[in-house]
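Undergrad: Make a model of this:
(one chain, ligands or ions: 1)
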Amino acid sequence: MAVLDENVPSSSEVEAMNKRRKRKTPKKNPLSTATEESELQNPMKGDEEEEEEGEGDAEGNVPEENMKNKKRKTKTKKEGHEDTGDGKVEEAVEGQVEKGEEKKNQKKKVKTGGSGIMSTVSFDSLELSENTLRAIKDMGFEHMTQIQDRAIPPFLAGKDVLGAARTGSGKTLAFLIPAVELLQRISFTPYNGTGVIVICPTRELAIQIHEVANELLKYHSQTLGIVTGGSSRQAEANHITRGVNLLIATPGRLLDHLQHTKNFVFKNLKCLIIDEADRILETNFEEEMKQIIKLLPKNRQTALFSATQTQKVEDLVRLSFQSTPVYIDVDDGRTKVTNEGLQQGYCVVPSAKRFIVLYSFLKRSLSKKVMVFFSSCNSVTFHADLLRHIKIDCMDIHGKQKQQKRTSTFFAFNKAEKGILLCTDVAARGLDIPAVDWIVQYDPPDEPKEYIHRVGRTARGEGSKGNALLFLIPEELQFLRYLKAAKVPVKEYEFSDKRLANVQSHLEKLVGSNYHLNKAAKDAYRTYLLAYNSHSMKDIFNVHRLDLQAIAASFCFSNPPKVNLNIDSSASKLRKKTRKVEGSRNRFSESNPYGKKNAEDERQFVRY
Ligand SMILES: Nc1ncnc2c1ncn2[C@@H]1O[C@H](COP(=O)(O)OP(=O)(O)OP(=O)(O)O)[C@@H](O)[C@H]1O
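TA: A predicted model of the protein is given here:
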């Protein structure tokens, strides 16, 4: 296979990442032992054998001995979840498979492991080319996940497809396998130009999809490329000109090439795939997508995939499908939308103590792999600087960084066995980072749907486990009602005041005396308030109800700093610039936690 791209990781990097992915399921989860299960339910509480958190200091010294003790207690991740011996899992999986109409063909039954994303159907049962089957075998996969089992056949049969399945359930291969088969069946060569375009919302996700496509094309002759913002436009144009059969793209850069790259041959396009389709209509992609779809040939197949589906997907369906698509919702009827192996909790933290609780949590989690979500780039920057100052090593990723830094951080965190990544929602969608133990939502997500994608960065794939912790201040508790309505089960985790590090005054001194930290803290404080004010669920996240003195304390100020807020005008600009989720488009309510426009809206697709 020829890969026409230089802005992507080397094959050895890709290989190393894949090896780590394959060992993801059996990797030990230090939280899954019987002894530690109780800690898991109360991650903030600690137990008597643990280190004295109350004696922590602003230097972040970690009692090594305690970390060692924790490791000694470790058992395997799958304990208590393996269920292959008594037939229950098989029955459950069969039950789910039989729901679909596609259950007409008699297919080989095999036992599958625990999390309920697998089907009992092997890839061999599909009429795939030898080259594709060999590549799938090399990836170590034998059986399809449910979304793959249900989406690949109609996709291969030439139908338009709208696929919904929970996070980490294998949607990427569900669209890439038919894409690669399509190109091979019509013997596409570089001379034919681009036959399939995959659009996704973030650069890191594009890189990841590109990697999977690269593996899948291993034995094929078709060419692969990637175009994303932040990369060299000229280098991309050169590649495209040489003929990229399968192109992975983010919307803005794709539109740029469609409009300006002279020798971009896309008139032969056979298929357009949109991953994270609901997200693609948010932010400022909507206008770009309209233009992209206008420019692309009409006579093509289209497929949309996402773990969450909202009114916006239906808008996109109207916009992009030529025929009525086949609608596949693998998780329809499930009582929860998140993964089986995911333990989720929230803790109610007074505003002033938010950072201290986070710090105490991270100090106790140094042997884990943790992602912490913030609402703004400035907040990520400040907290990363602050944590490093107090000797908690961490990585950070957000949309204002140079692409080179973003990419290297993404790969470094992918590779890491343990570590902390502070991030914005740029890392919320689609990323398949191996073996993440904890997802911490320090700042609240904008909607239940974004909560679902954030926590979907852990407990991915078959039989995987993970944990999620949502920070809420007392004023935000109503958000739980929306999570419940969205079928997200969360338990309350308590934190013990006694166990919190007693470092507030040290931190205030540090931020008061360090020019750079002080400036970063002010920027973070200001954008926290602006982001809060642009929150789409205003009845819950009301900036005017915030106690600014307490909020300032969480940014290590003894008094709220003077910052130019001008909340109403700046927030409306921020809103316009970022998300179009306000007003009548959303209509959040408890019975409509995703903010669908109108429950009675007729669907534009048929169920499959
Ligand atoms: N048939 C399969 N058998 C076992 N594992 C699989 C199979 N297909 C995919 N996987 C693994 O499952 C994990 C999740 O897959 P993928 O990233 O495609 O999920 P997704 O549904 O796109 O998630 P998200 O909604 O978060 O984007 C990956 O590590 C992938 O390698």
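
Undergrad: Report whether residue 272 is found in a strand, as I expect.
TA: Yes: using DSSP: H, G, I helix; E, B strand; the rest coil, the secondary structure at residue 272 is a strand.

Undergrad: tell me the pLDDT at it?
TA: With respect to pLDDT, residue 272 scores 96.

Undergrad: count of residues packed around it?
TA: Per other C-beta atoms under 10 Å, the neighbour tally for residue 272 reads 21. Backbone N, C-alpha and C define where each C-beta goes, glycine included.

Undergrad: shift numbering so it begins at 106
TA: With 106 as the first residue, the last one maps to residue 377.

Undergrad: Just to check, it is in contact with residue 302?
TA: Yes: look at residue 377 against residue 302 with C-beta atoms under 8 Å: they come within range, at 5.4 Å.

Undergrad: what residues do those two have in common as contacts?
TA: residue 401 (C-beta atoms under 8 Å, 6 or more residues apart in numbering).

Undergrad: Leaving out sequence neighbours, find the closest residue to residue 622.
TA: Of all residues not flanking residue 622 in the chain, residue 616 sits nearest, at 5.1 Å (C-beta to C-beta, 6 or more residues apart in numbering).

Undergrad: Now the phi/psi pair for the closest residue to the ligand within the stretch 356-505 of the chain, please.
TA: With C-beta to the nearest ligand atom, the shortest gap between the stretch 356-505 of the chain and the ligand falls at residue 412, namely 3.9 Å. Here is the backbone geometry of residue 412 (degrees, to the nearest 10): phi -80, psi -20.

Undergrad: Let me know whether residue 394 touches residue 386 as I believe.
TA: Yes: counting by C-beta under 8 Å, residue 386 is a contact partner of residue 394 at 6.7 Å.

Undergrad: Residue 308 touches residue 507, doesn't it?
TA: No: counting by C-beta under 8 Å, residue 308 does not reach residue 507; the two are 11.4 Å apart.

Undergrad: Which one of these two is surrounded by more residues?
TA: residue 308 (23 against 9).

Undergrad: For that one, give me its contacts.
TA: Residue 308 neighbours (C-beta under 8 Å, 6+ apart): 333-336, 355, 508, 511-512.

Undergrad: So how do I select the buried members of those residues in ChimeraX?
TA: To isolate the buried members of these in ChimeraX, using 16 or more other C-beta atoms under 10 Å:
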select :333,334,335,336,355,511,512
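
Undergrad: residues near the residue of the stretch 356-505 of the chain closest to the ligand, how many?
TA: Count around residue 412 with other C-beta under 10 Å applied: 25.

Undergrad: Do stretch 272-286 and the ligand come into contact?
TA: Yes: for stretch 272-286 and the ligand, the contact criterion (C-beta under 6 Å from any ligand atom) is met by 272-278.

Undergrad: Can you give me the buried ones in stretch 449-468?
TA: 449-454, 456-468.

Undergrad: Contact residues of the stretch 256-405 of the chain facing the ligand?
TA: Applying C-beta under 6 Å from any ligand atom, one finds that the stretch 256-405 of the chain approaches the ligand through 270, 272-278.

Undergrad: which residues do residue 308 and residue 507 both contact?
TA: Residues touching both residue 308 and residue 507 (C-beta under 8 Å, 6+ apart) are residue 335.

Undergrad: ok, back up a step: residues contacting the residue of the stretch 356-505 of the chain closest to the ligand?
TA: Listed by C-beta under 8 Å, 6+ apart, the contact set of residue 412 reads 269-272, 274, 276, 442, 557-558, 561.

Undergrad: Pull the number of nearby residues for residue 365.
TA: Neighbour tally, residue 365, other C-beta under 10 Å: 10.

Undergrad: same deal with the one 4 residues further on?
TA: Counted with other C-beta under 10 Å, the neighbours of residue 369 add up to 21.

Undergrad: Next up, phi/psi of it, please.
TA: phi -80, psi 110.

Undergrad: can you check residue 288 too?
TA: Residue 288 has phi and psi values of phi -60, psi -40 when expressed as degrees, to the nearest 10.

Undergrad: Show the contacting residues for it.
TA: By C-beta under 8 Å, 6+ apart, the contact set of residue 288 is 300-301, 325, 327, 350-351, 375.

Undergrad: same check, this time on residue 498
TA: With C-beta under 8 Å, 6+ apart, residue 498 has these contacts: 492, 524-525.

Undergrad: same check, this time on residue 402
TA: Going by C-beta under 8 Å, 6+ apart, residue 402 touches 371-374.

Undergrad: and the two most separated of the contacts of residue 308?
TA: Spatial extent of the contacts of residue 308 (C-beta to C-beta) is set by the pair 355 and 512 at 13.2 Å.

Undergrad: Tell me the span between the first and last residue of stretch 231-238.
TA: Stretch 231-238 has an end-to-end distance of 9 Å (C-alpha to C-alpha, to the nearest Å).

Undergrad: Report whether it contacts the ligand.
TA: No: judged by C-beta under 6 Å from any ligand atom, stretch 231-238 stays clear of the ligand, getting no closer than 11.5 Å.

Undergrad: mind listing what's buried in that stretch?
TA: Buried residues in stretch 231-238, counted by 16+ other C-beta under 10 Å: 231, 233, 236-238.

Undergrad: can you check stretch 481-493 too?
TA: Buried residues in stretch 481-493, counted by 16+ other C-beta under 10 Å: 481-492.

Undergrad: cool, and stretch 651-664?
TA: For stretch 651-664, a neighbour-count test (16+ other C-beta under 10 Å) marks 651, 653, 656-662 as buried.

Undergrad: try stretch 367-375
TA: Neighbour-count burial for stretch 367-375, counted by 16+ other C-beta under 10 Å, picks out 369-371, 374-375.

Undergrad: could you point out where the stretch 356-505 of the chain is predicted with low confidence?
TA: For the stretch 356-505 of the chain, applying pLDDT under 70 flags the ranges 388-389, 415-418, 421.

Undergrad: can you check the chain too?
TA: Residues of the chain meeting the criterion pLDDT under 70: 106-220, 388-389, 415-418, 421, 672-713.

Undergrad: Flag every residue of it that's near the ligand.
TA: Within the chain, the positions near the ligand by C-beta under 6 Å from any ligand atom are 126, 246, 248-250, 253, 270, 272-278, 412, 535, 537, 561, 565-567.

Undergrad: Among these, which lie within strands?
TA: 248-250 (DSSP state E).

Undergrad: In TSV: these, plus neighbour count.
TA: Formatted as TSV, these follow (neighbours: other C-beta atoms under 10 Å):
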residue	neighbour count
248	21
249	26
250	26
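
Undergrad: how about these in TSV, adding distance to residue 531?
TA: Formatted as TSV, these follow (distance: C-beta to C-beta, whole Å):
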residue	distance to residue 531
248	33
249	30
250	26
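
Undergrad: which stretches of the stretch 456-605 of the chain form helices?
TA: Secondary structure of the stretch 456-605 of the chain (DSSP state H, counting those that start in this stretch): helices at 459-469, 482-494, 508-520, 553-560, 584-590.

Undergrad: Sweet, I'm off.
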